[in-house]
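Enquirer: coordinates only, no sequence provided:
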């Protein structure tokens, strides 16, 4: 599978400071009736965005959200906990997010996100606190240099597993990476027969 390669993203942030946002809050289970990614973005954080009648909630942080200018989600600690549903990163990506930043991201969610073109970044607590205090601020996520920057002066390094980083930079998942190596694999196989 392929997706848009990720190198550097400069965008405004959407801030959800709550701790322990689980995958059922990201994409409620009642929307998991498909194995396709299509349309899942419409249901992301549905219960936070809409009331029981399907009307937009006035209190929702997503009011006034512009997916063209707000592609970075800054979330509280332990983001993406709960079940291992791959639909959660699909829905976030479908909604327009390209990066999620927190001080702590659940391992399975992080793995699923990275495999589906959504950059999941863990930053130090000080940087995280600064981002949480700056909703709507412009931030830059530079995957090549592994830096998150809120300004020229405020930069923080983040760690990234090298293979996941390479796949994101190239816009492929693990299988896509393997398919890209097919000519070399076939050459190796021919030399062994």
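Expert: Looks like it came in fine. Computed from a predicted structure; not experimentally measured. Numbering: from 1, shown residues only.
Enquirer: center of the chain, which residue is that?
Expert: residue 118 (3.5 Å; Cα atoms, centre = their mean).
Enquirer: lowest-pLDDT helix or strand in this structure?
Expert: Least confident helix or strand of the chain, by mean pLDDT, DSSP states H and E, is helix 174-180 with a mean of 60.
Enquirer: need the next SSE after it, C-terminal direction.
Expert: helix 182-192 (DSSP states H and E).
Enquirer: the helices in the chain, which residues?
Expert: Counting by DSSP state H, the chain has helices at residues 23-26, 46-49, 87-95, 107-115, 125-132, 162-170, 174-180, 182-192.
Enquirer: can you list contacts of the first one?
Expert: Okay, so that is helix 23-26. The contact list for helix 23-26, computed with Cβ atoms under 8 Å, 6 or more residues apart in numbering, reads 44-45, 47-48, 80-85, 87-88, 91-92, 109. For glycine as for every other residue, the C-beta is placed from the backbone atoms N, C-alpha and C.
Enquirer: what about 7 Å?
Expert: Residues outside helix 23-26 that contact it (Cβ atoms under 7 Å, 6 or more residues apart in numbering) are 44-45, 80, 82-83, 85, 88, 91-92, 109.
Enquirer: what's the answer for the second one, then?
Expert: When contacts are taken as Cβ under 7 Å, 6+ apart, the neighbours of helix 46-49 outside the stretch itself are 28, 31, 56-57, 60, 62.
Enquirer: go with 10 Å
Expert: Contact partners of helix 46-49, identified using Cβ atoms under 10 Å, 6 or more residues apart in numbering, comprise 16, 18, 21, 24-28, 30-31, 42-43, 54-57, 59-63, 65, 91, 95.
Enquirer: thinking residue 17 is in contact with residue 61, fair?
Expert: Yes. Counting by Cβ atoms under 10 Å, residue 17 touches residue 61, with 9.3 Å between them.
Enquirer: so for the two, which residues contact both of them?
Expert: Residues touching both residue 17 and residue 61 (Cβ under 10 Å, 6+ apart) are residue 135.
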